[in-house]
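S.K.: I need the structure of the sequence given here:
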Amino acid sequence: MKTGRVAAVAEEARRRWQAEGLAPADAFWVRNRRNTGLVLVSPNADPDAPPPEEFLSGEGGGRTVSQAGIDFHPAAQVVQARPNPPPTQPAHTAGTLFRTYRQNLSRWEGGIANRPASVDPGGITNQGISKDFLDELRKLPKYRNLPSDPRRLSDAQIDAIYRAENFDRPQIWKLAQVPGLLVNAPQLVEHIFDAGVQHGIDDSGKWLQEALDETLGTDLKTLVKGKRGYDGIIGSGTRKVVDQAVKAGKIAEVNNLIVDKRIAYMKSLPNYSGNPGWITRAESFRIGSPNP
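M.R.: Prediction:
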């Protein structure tokens with residue numbers, strides 16, 4: 001494979017692995033000791049720490065590109081080297097975006113809560129994971145070994161649930177990749193994630209579809225249980241209309257309409273009066289001045 005083609009393939013692989021959270025955001029390619037290919041490395045956290053033996057020898061587990069093509073070991077660790085200025089990286093990867101949203105979520109979903117059913121019908125809640133939600137998850141094979149009591153969930157288990165059920169499943173990363181969306185309406189993507197945590201990913205997806213149709217005059221309805229309605233799935237069709245809203249300069253309007261729909265739903269719930277922070281939470285995603 002020609003040198004230029006190797007470099008192009010290497011960069012494509014690096015971006016893909018970073019987007020999938022399989023490589024650090026600051027990783028970059030260097031030549032191995034034998035000059036037979038490239039090794040993906042990341043800087044040491046401690047600049048004075050010596051590079052590991054794997055890097056010095058050119059051996060060991062890592063992500064490598066040879067003259068023949070890609071040799072990818074997903075289970076291996078990326079080897080570290082002494083700091084070199086890495087090439088310019090994208091603003092986000094799926095992993096970094098999730099971690100940001102997860103950290104911001106702790107403002108609203110922190111600690112353990114055990115309030116009366118009249119205020120919180122979901123039961124005991126640990127960092128937003130309610131007893132009812134946990135019971136539903138434990139019916140699935142991948143979650144059957146989780147504890148039945150939310151209070152016994154570890155932070156790692158809670159993070160894994162949020163990543164799988166509220167970030168990956170509703171395709172939040174794919175939504176974030178709509179060109180210009182994170183620039184023109186950065187609140188919208190996180191708003192869909194946050195609303196999905198609080199109300200369920202079906203509701204947050206439906207509000208997005210409704211807001212797009214009402215703003216652009218499109219029709220994202222489909223057959224749902226024999227009737228035309230919104231399925232709440234943020235698939236390629238919905239993302240295509242999001243792209244249209246960005247290009248039309250109406251994506252902020254779409255976002256704020258979702259805020260209005262979310263608040264209207266909150267006010268319709270019987271336990272609304274016992275949760276005064278709900279409106280503040282929804283309004284925090286509005287672009288521009290909040291509604292009085």
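S.K.: Mind listing residues that contact stretch 279-292?
M.R.: For stretch 279-292, the external contacting residues (CB atoms under 8 Å, 6 or more residues apart in numbering) are 108, 185, 187-188, 190-191, 194-195, 198, 252, 255-256, 258-260, 262-263, 266. Using the backbone N, CA and C atoms, a C-beta is placed for each residue, glycine as well.
S.K.: Going through those residues, which ones are buried?
M.R.: 108, 185, 187-188, 190-191, 194-195, 198, 252, 255-256, 258-259, 262-263, 266 (16 or more other CB atoms under 10 Å).
S.K.: From these, which land in helices?
M.R.: Counting by DSSP state H, these place 187-188, 190-191, 194-195, 198, 252, 255-256, 258-259, 262-263, 266 in helices.
S.K.: Out of the residues you listed, which comes closest to Asp120?
M.R.: Nearest to Asp120 among those, counting by CB to CB, is Gln198 at 11.6 Å.
S.K.: Which residues are in contact with the closest one?
M.R.: Contacts of Gln198 (CB under 8 Å, 6+ apart): Trp108, Gly128, Arg281.
S.K.: From Val259, how far off is the last one?
M.R.: From Arg281 across to Val259, the span is 10 Å (CB to CB, to the nearest Å).
S.K.: Secondary structure class of Leu223, three-state.
M.R.: Leu223 falls in the strand class when you classify it by DSSP: H, G, I helix; E, B strand; the rest coil.
S.K.: which residues of the stretch 51-200 of the chain score low on pLDDT?
M.R.: 51-91 (pLDDT under 70).
S.K.: Helices along that one, start to end?
M.R.: Taking DSSP state H, counting those that start in this stretch, the helices of the stretch 51-200 of the chain run over residues 53-57, 94-105, 131-137, 155-161, 172-176, 181-184, 186-199.
S.K.: Extract the C-alpha trace of the longest one and format it as PDB.
M.R.: The C-alpha trace of helix 186-199 is given here as PDB (Å, rounded to 0.1, in the frame of the first residue of the first chain):
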ATOM      1  CA  PRO A 186     -26.000  22.800  21.200                       C
ATOM      2  CA  GLN A 187     -28.800  22.700  23.800                       C
ATOM      3  CA  LEU A 188     -31.100  20.500  21.600                       C
ATOM      4  CA  VAL A 189     -29.000  17.300  21.600                       C
ATOM      5  CA  GLU A 190     -28.500  17.400  25.400                       C
ATOM      6  CA  HIS A 191     -32.100  18.300  25.800                       C
ATOM      7  CA  ILE A 192     -33.200  15.200  24.000                       C
ATOM      8  CA  PHE A 193     -30.900  13.100  26.200                       C
ATOM      9  CA  ASP A 194     -32.100  14.800  29.400                       C
ATOM     10  CA  ALA A 195     -35.800  14.500  28.500                       C
ATOM     11  CA  GLY A 196     -35.300  10.900  27.700                       C
ATOM     12  CA  VAL A 197     -33.800  10.300  31.200                       C
ATOM     13  CA  GLN A 198     -36.700  12.100  32.900                       C
ATOM     14  CA  HIS A 199     -39.700  11.100  30.800                       C
END
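S.K.: Need the per-residue pLDDT for the residue lying closest to Val119 once chain neighbours are set aside.
M.R.: In space, Val119 comes closest to Gly274 once its chain neighbours are excluded; the distance is 3.8 Å by CB to CB, 6 or more residues apart in numbering. Listed pLDDT for Gly274 reads 90.
S.K.: Over to Val241?
M.R.: 98.
S.K.: right, and it touches Leu216 too?
M.R.: Yes: with contact defined as CB atoms under 8 Å, Val241 reaches Leu216; the gap is 6.5 Å.
S.K.: out of the two, which sits in the more crowded spot?
M.R.: Val241 (20 against 17; other CB atoms under 10 Å).
S.K.: Same question for the helix or strand containing that one: list its buried residues.
M.R.: Using DSSP states H and E, Val241 maps to helix 236-247. Within helix 236-247, the residues scored as buried using 16+ other CB under 10 Å are Thr238, Arg239, Val241, Val242, Gln244, Ala245, Val246.
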